[in-house]
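Novice: Provided below for reference: sequence and predicted model.
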Amino acid sequence: MITVIIGVLFLAAIGTILLTIASNYLIAVNVDHNSSDNFYQTEGILEEVRTGLLEYAGDSGETAYKDVVENYTKTKENMRETFSKNYLSLLAGKLTGYSYNWDDSKLGTLQTCDLNLLKKLTKVPDAVTTKKGTDLEFVINKDLNKGYSLTLKNLMIDYTDETDYRSSIQADICMYVPDYKFEGDSTLEEVKDYIVISDDTLTITGNDNTTGATFRGNVYTGNKDKGIEVQSQNAAKFYSPTIISRGSLDILGGSHVNVQGEKDAGNLWLQNIRLKSQGVNDESTLQTTLDLNANAYIANDLDIEANNSVVTLSGKYYGYSYNEENTSSTSVARSDYSSAILINGMNTTLKAKNLDKLILAGRTFVSRNDKDGKAQISDIMMGESIAVKSNQLAYLLPTEYIVGDGATESHNPVMRDEIVTIDKEGLLNSEIGKYLDTNEPYTANYSNSGGYVFYYLKFKDEKSANEYFKNYYQGSQEEDGSSFSNKEQLDDKAKAYISTVDDTNMKFSSELFLIAGNVVHNYYATGGSSIQSDNYFDNAGKPKNELLTDGKKQGQDYVGYQLTLLASGSTGSMRLPENADALVAGRIIDFSKLGSTLNKLDEKTGARIYATPGDYVVDGSMKKGIIIAGGDVEVQSDFQGLILAKGKVTTTRSNLNLKSDMVLVGKLLEFAKSDKELRDLFYGLNGSNIQNPTDMSKCISYQNWQKNSY
């Protein structure tokens, strides 16, 4: 019995042990399952928050990208930098609930954001909190390798389910700026087609005005006044698909310039084209010539000042500026915002019969000086888009409205010390009064070379100036008891400026030409010259909106070309900002990374990339490659490749050939990517070494991840 009892108790004990083990196992499995399920739900809440942040990031990125692309010509910074700041500012605004203004001084500093805005990103808002004793904060940092980022700090997901199971995840969420491609890369693609890119001037000198210097490839200069200068008695030939300058093309006395594309007509983007008398005296018979077979987009004027000039225009000529921003505004017209053609040199030949199209949105002006000889912004407006210097007499205030002291006859100009009064009332009540500004119908212009004062008519608007000149040209006047034609007088005086060989060249067709002022043409035709009236205006005397809009697009694209070598896409202002960065030093080469000279040979091409912080002389020792100079470059020898100069580029030899090489430069830029010193030198290659993905979701990651750390 005792043995049986012991046996039963033993079996019972074993059964109890087995039941306890089984029960504990089942309980442990159930607890683990519920705990895991709770944790997965906690992790799901965190993923919901991340998905919401990804949506914030997507909206911010789209807005920032669109803003930068549409307005990049307004900014000094490169587009990647601008996008990064705009993107993170918009993202910070979504985390704080208010408009966030970028502040470089706050980089690396913790800033508070609104926890409630994150709670809205999940269906379980109560689980979104912060680790104990902290606030939800963010910090914006800049890393040399990955660029800008925004990191959300102190976030915790603390979730207790309906069965009282609890889990927590603590993590920082880091959001890098996606590595979208902007103008740094695009500009670097464009430079492959260039032979010269200079932040200052390109000067052609030291040759014999026959063989000269020949450029095969695109050219860019950054000087805002004289961008390209062909010095006196030199020659230059440009076989260039594109020429861009922030300044003008200046052709000095006795020089010869030919501009055209490599195969077809090229594109020429300039402030002015100026043929200057500098370098030859008034008695010289040397010709100054320009053969322009290009689509020329000129912001201001073609000014032919040099005597004996021969200008041949072929292709298309766009003088697109009507006023500062090409609006129908009634603001005072200014000569520097008005495109025209001026013939100021004696014995000028202007050959225009081969033009496909001519658009002159502005008109000519007479330069005006005050009594101290200082040039004035508000010049004297004329009623012509193409004007000969002698036609200025048509705009002089008639002498009958200039009243002297009675000792001498009225005249215009008058001596500075003469005491005269202007019969303003009589002027306004005259036949020409309807064209004039009622408050100020005349203006004084003081000569800077003598003691004279010229009085000119001042018109109330552009259309009135046009109508006045048209009527003046077709009218007549009395002098010394006899009548004579104004046209005959103007024609006769113009013959000193317009060459006799022009009898078949200077003709204009209203079907091909759009002009904002009148044009007197073909002075040597039988019966004298005739006049072509403006056709830039509507019936109400306002400039046609479609013409203003088209001109504004040209100006906006010109700004883009000046800043990045790329058209702006017809957005932003049509005027280059005063504080605009230089192209080479601001957008292509980071000269702060160039402490000493680099001379790198690419063995695959046999060409070099030579970079110096100072000046460089192309003397034949380097015949092809890429030259980067922090100073000036003097070209004494033929060269193939690309010259990038922070300073001036000057050619100093006859029979000189400079040629771009897209393939060679492209291979050298690929070579530069594999060399850290060279890669760091190019903004478009280094991008601060940013290699972030463009997929927004891949730019968001967790840091400092911890589980159940309460």
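Specialist: Cool, got the structure.
Novice: C-alpha from now on. contacts and neighbour counts both.
Specialist: Noted.
Novice: how about the closest residue in space to residue 218 that isn't next to it in sequence, what does it touch?
Specialist: The shortest distance from residue 218 to any non-neighbouring residue, by CA to CA, 6 or more residues apart in numbering, is to residue 194 (4.2 Å). By CA atoms under 8 Å, 6 or more residues apart in numbering, residue 194 lies in contact with 217, 218, 219, 220, 641, 642, 660, 661, 662.
Novice: from residue 482, how far off is residue 469?
Specialist: 22 Å (CA to CA, to the nearest Å).
Novice: gap between the two ends of stretch 637-651?
Specialist: 9 Å.
Novice: give me the average confidence score over that stretch.
Specialist: Throughout stretch 637-651, pLDDT has a mean value of 98.
Novice: please begin residue numbering at 721 from this point
Specialist: Sure, I'll start numbering at 721, so the last one becomes stretch 1357-1371.
Novice: gap between it and the chain center?
Specialist: In terms of CA atoms, centre = their mean, to the nearest Å, the centre of stretch 1357-1371 is found 23 Å from the chain centre.
Novice: helices of the protein, residue ranges please.
Specialist: Secondary structure of the chain (DSSP state H): helices located at 722-791, 799-816, 835-839, 903-910, 1144-1148, 1182-1194, 1206-1214, 1265-1284, 1303, 1382-1393, 1396-1401, 1403-1406.
Novice: save those helices as TSV, and put in mean neighbour count too.
Specialist: Formatted as TSV, these follow (neighbours: other CA atoms under 10 Å):
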stretch	mean neighbour count
helix 722-791	15
helix 799-816	22
helix 835-839	17
helix 903-910	18
helix 1144-1148	16
helix 1182-1194	20
helix 1206-1214	18
helix 1265-1284	23
helix 1303	24
helix 1382-1393	19
helix 1396-1401	19
helix 1403-1406	22
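Novice: hmm, residue 1057 and residue 1041 touching each other?
Specialist: Yes - counting by CA atoms under 8 Å, residue 1041 touches residue 1057, with 5.8 Å between them.
Novice: show me what stretch 1040-1060 is in contact with.
Specialist: 1017-1022, 1039, 1079-1085, 1097-1099, 1101, 1105-1106, 1181-1182, 1262-1263, 1265, 1268-1272, 1274-1275, 1293-1295.
Novice: just the buried subset of these, written out for PyMOL, thanks.
Specialist: The PyMOL selection below is limited to those of these classed as buried (16 or more other CA atoms under 10 Å):
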select buried, resi 1017+1018+1019+1020+1021+1022+1039+1079+1080+1081+1082+1083+1084+1085+1098+1099+1101+1105+1106+1181+1182+1263+1268+1269+1271+1272+1274+1275+1293+1294+1295
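Novice: strands - which of the contacts of stretch 1040-1060 land there?
Specialist: With DSSP state E as the criterion, strands contain 1017, 1018, 1021, 1022, 1039, 1079, 1080, 1085, 1101, 1105, 1106 from among these.
Novice: which one is residue 891 nearest to, not counting chain neighbours?
Specialist: residue 1425 (4.4 Å).
Novice: what sits against the one you found?
Specialist: Residues near residue 1425 by CA under 8 Å, 6+ apart: 889, 890, 891, 892.
Novice: now the first one, nearest residue through space, not along the chain?
Specialist: It refers to residue 889. Nearest to residue 889 is residue 1427, by CA to CA, 6+ apart, at 4.7 Å.
Novice: mind checking how far that neighbour is from residue 756?
Specialist: Applying CA to CA, the value for residue 1427 to residue 756 is 12 Å.
Novice: before we move on, the earlier item: mind checking which of the contacts of residue 914 land in strands?
Specialist: 938, 939, 940, 1361, 1362.
Novice: farthest pair within the residues you listed?
Specialist: Across those, the longest distance by CA to CA is 14.3 Å; it joins 940 and 1361.
Novice: okay, now the unreliable bits of the stretch 1221-1370 of the chain?
Specialist: 1221-1232, 1245-1248 (pLDDT under 70).
Novice: skip the chain neighbours and tell me the closest residue to residue 1271.
Specialist: With CA to CA, 6+ apart as the criterion, residue 1271 has its nearest non-adjacent residue at 4.6 Å, and that residue is residue 1040.
Novice: tally of neighbours for the one you found?
Specialist: Residues contacting residue 1040 under the criterion other CA atoms under 10 Å number 31.
Novice: picking that back up, between the contacts of residue 1425, identify the one with the most neighbours.
Specialist: Greatest neighbour count in the contacts of residue 1425, by other CA under 10 Å, goes to residue 890: 24 neighbours.
Novice: measure residue 1026 to residue 1168 for me?
Specialist: Residue 1026 sits 20 Å away from residue 1168, going by CA to CA.
Novice: same check on residue 1036?
Specialist: Using CA to CA, we find residue 1036 at a distance of 37 Å from residue 1168.
Novice: go on, residue 1237?
Specialist: Residue 1237 is 28 Å from residue 1168, by CA to CA.
Novice: so those two - more neighbours on which side?
Specialist: For residue 1237 and residue 1168, the more surrounded residue by other CA under 10 Å is residue 1237, and the numbers stand at 30 against 16.
Novice: residue 1079 is in contact with that one, correct?
Specialist: No - using CA under 8 Å, residue 1237 and residue 1079 do not qualify as a contacting pair, with a distance of 10.8 Å.
Novice: alpha carbons of stretch 1297-1315, as CSV, please.
Specialist: What follows is stretch 1297-1315, C-alpha atoms only, in CSV (Å, rounded to 0.1, in the frame of the first residue of the first chain):
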residue,chain,number,x,y,z
PRO,A,1297,21.2,91.3,-61.8
GLU,A,1298,23.8,93.8,-60.7
ASN,A,1299,25.2,91.3,-58.2
ALA,A,1300,25.3,88.3,-60.6
ASP,A,1301,28.1,85.9,-60.0
ALA,A,1302,30.8,85.5,-62.6
LEU,A,1303,30.4,82.4,-64.8
VAL,A,1304,33.9,80.9,-64.5
ALA,A,1305,34.7,81.8,-60.9
GLY,A,1306,31.1,81.5,-59.7
ARG,A,1307,29.6,78.5,-61.5
ILE,A,1308,32.3,76.4,-63.2
ILE,A,1309,35.6,76.6,-61.2
ASP,A,1310,36.0,76.7,-57.5
PHE,A,1311,39.3,78.7,-57.3
SER,A,1312,39.3,78.4,-53.5
LYS,A,1313,40.3,74.8,-54.1
LEU,A,1314,43.3,75.8,-56.3
GLY,A,1315,46.2,76.5,-53.9
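Novice: any buried residues in it, and which?
Specialist: Applying 16+ other CA under 10 Å to stretch 1297-1315 flags 1300-1311, 1314 as buried.
Novice: dump those to TSV, plus distance to residue 1329.
Specialist: Formatted as TSV, those follow (distance: CA to CA, whole Å):
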residue	distance to residue 1329
1300	28
1301	24
1302	21
1303	19
1304	16
1305	17
1306	19
1307	18
1308	14
1309	13
1310	15
1311	15
1314	13
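Novice: which one of those residues is nearest residue 989?
Specialist: residue 1303 (15.4 Å).
Novice: tell me the contacts of that closest one?
Specialist: 919, 942, 1282, 1283, 1284.
Novice: the second one contacts residue 948, correct?
Specialist: Right, residue 942. No - assessed by CA under 8 Å, residue 942 is found out of contact with residue 948, at 9.4 Å.
Novice: mind listing the shared neighbours of the two?
Specialist: Contacts common to residue 942 and residue 948, judged by CA under 8 Å, 6+ apart, are 921, 965, 967.
Novice: now, which of these sits nearest residue 781?
Specialist: For the shared contacts of residue 942 and residue 948, the nearest to residue 781 is residue 965 (33.5 Å; CA to CA).
Novice: tell me how many other residues crowd the closest one.
Specialist: Neighbours around residue 965, by other CA under 10 Å: 30.
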